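Engineer: what's the 3D shape of this:
(one chain, ligands or ions: 1)
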Amino acid sequence: MSGAYTPGTVPTAPYGWNQQTSVSPASPYTPQPEFVKAPYELITTVVPVGPHSTRMVCSNCRKEITTKINKKPSTMAYITSFLCCVFGCFWGPCLIPFCMDQCLNVEHKCPKCEVYLGQYIR
Ligand SMILES: [Zn+2]
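Structural biologist: Next up is the predicted model:
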């Protein structure tokens, strides 16, 4: 069966035929839109935050707020905990660093819009 052409159907144009007619031959060079990368906007914490809730103006909702704090274990907590494990104190004592204030970083957030405002790193 070599009959690729069946009567009644229009043979399809080779791939790209339609595209070729739409391209104007007068301009062989079509300038491509250049993607200019916007310089990275570095968001920095202007107000230095401490280990406790701080009164400040939220950078997002522009309201005067008292920051909501969230304590998270710092790298030191993980290191201390790891050392505890290495030196034989298992589950009980190695979790102590995660409860010690000295080993926790304090994350400040806006209580109204929940935007991250800064972190107090020990
Ligand atoms: Zn806010």
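Engineer: Quick check: which ranges of the chain have low pLDDT?
Structural biologist: 1-47, 89-91 (pLDDT under 70).
Engineer: Up against the ion, what does it have?
Structural biologist: 58, 60-61, 110, 112-113 (C-beta under 5 Å from the ion). Using the backbone N, CA and C atoms, a C-beta is placed for each residue, glycine as well.
Engineer: Show me which of those is closest to I69.
Structural biologist: C110 (11.4 Å; C-beta to C-beta).
Engineer: now that closest one: how far from C58?
Structural biologist: 4 Å (C-beta to C-beta, to the nearest Å).
Engineer: So which of those two has more stuff around it?
Structural biologist: C110 (20 against 17; other C-beta atoms under 10 Å).
Engineer: Now do the same contact list for the more buried one.
Structural biologist: Applying C-beta atoms under 8 Å, 6 or more residues apart in numbering, we find C110 in contact with 58, 60-61, 63, 65, 67-68, 117.
Engineer: Swap in 6 Å and give it another go.
Structural biologist: 58, 65 (C-beta atoms under 6 Å, 6 or more residues apart in numbering).
Engineer: residues of the lengthiest helix in the chain that come out buried?
Structural biologist: The longest helix of the chain (DSSP state H) is helix 75-86. By 16 or more other C-beta atoms under 10 Å, the buried positions in helix 75-86 come out as 76-77, 80-81, 84.
Engineer: Sort out which residues of the next helix or strand after it are buried, please.
Structural biologist: Per DSSP states H and E, the first helix or strand lying C-terminal to helix 75-86 is helix 91-94. Residues of helix 91-94 classed as buried: C94 (neighbour count, 16+ other C-beta under 10 Å).
Engineer: Now Y78. Nearest residue, chain neighbours left out?
Structural biologist: Of all residues not flanking Y78 in the chain, P97 sits nearest, at 7.7 Å (C-beta to C-beta, 6 or more residues apart in numbering).
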